[in-house]
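Student: next one to model:
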Amino acid sequence: MGYSSEEKVYTYDAFDNMGEHDVSKGTLEGDTWTWNSESKMGGQVMKGKFTIKEVSPTEYTFKYEWSTDGNTWTTGVEGKSTEVTAAPAAAEKKATK
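Tutor: Okay, here's the model as predicted:
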């Protein structure tokens, strides 16, 4: 992960165990990150867009979309992540009684 001061975007390079290399460029506006990428699949260029929105200090929503033309987007995955704090273990409860 890095930052390009020339393009004024964050950069992300990922490599997987199949030898594929993904390059994404991201921007942050307010509480929302938007990451854009391009890759080839079966000889066709696929555009990807990953959006992360901070809802609160302990929760964010995310969505990954892809497109072949950059105009029509298909949602691949969408969700929400919430921080959960662990409850005290049963042994700790007994020790404090």
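Student: quick check: closest non-adjacent residue to the residue nearest to the spatial centre of the chain.
Tutor: By Cα atoms, centre = their mean, the mean C-alpha position of the chain lies nearest to residue 50, the distance being 5.4 Å. In this structure, residue 50 finds its nearest non-sequential neighbour in residue 35, 4.3 Å apart by Cβ to Cβ, 6 or more residues apart in numbering. C-beta coordinates here come from the backbone N, C-alpha and C atoms, glycine included.
Student: so that neighbour is in which element?
Tutor: strand 32-41 (DSSP states H and E).
Student: tell me how far the closest residue to residue 47 other than its chain neighbours lies from residue 22.
Tutor: Spatial nearest neighbour of residue 47, chain neighbours left out: residue 67 (4.7 Å); criterion: Cβ to Cβ, 6+ apart. Residue 67 sits 16 Å away from residue 22, taking Cβ to Cβ, to the nearest Å as the criterion.
Student: do residue 69 as well
Tutor: For residue 69, the distance to residue 22 - Cβ to Cβ - is 20 Å.
Student: repeat that for residue 16.
Tutor: 8 Å.
Student: ok, residue 81 next?
Tutor: Taking Cβ to Cβ, one finds residue 81 at 21 Å from residue 22.
Student: what sits opposite residue 39 in the beta ladder?
Tutor: Legend: beta-bridge partners of residue 39 under DSSP bridges are residue 46.
Student: give me the number of residues near it?
Tutor: Look at residue 39: counted by other Cβ atoms under 10 Å, it has 15 neighbours.
Student: residue 23 now?
Tutor: 12.
Student: show me what contacts the residue nearest to residue 45 when sequence neighbours are not counted?
Tutor: Nearest residue to residue 45 in three dimensions, chain neighbours excluded: residue 38, at 5.8 Å (Cβ to Cβ, 6+ apart). Going by Cβ atoms under 8 Å, 6 or more residues apart in numbering, residue 38 touches 23, 45, 46, 47, 48.
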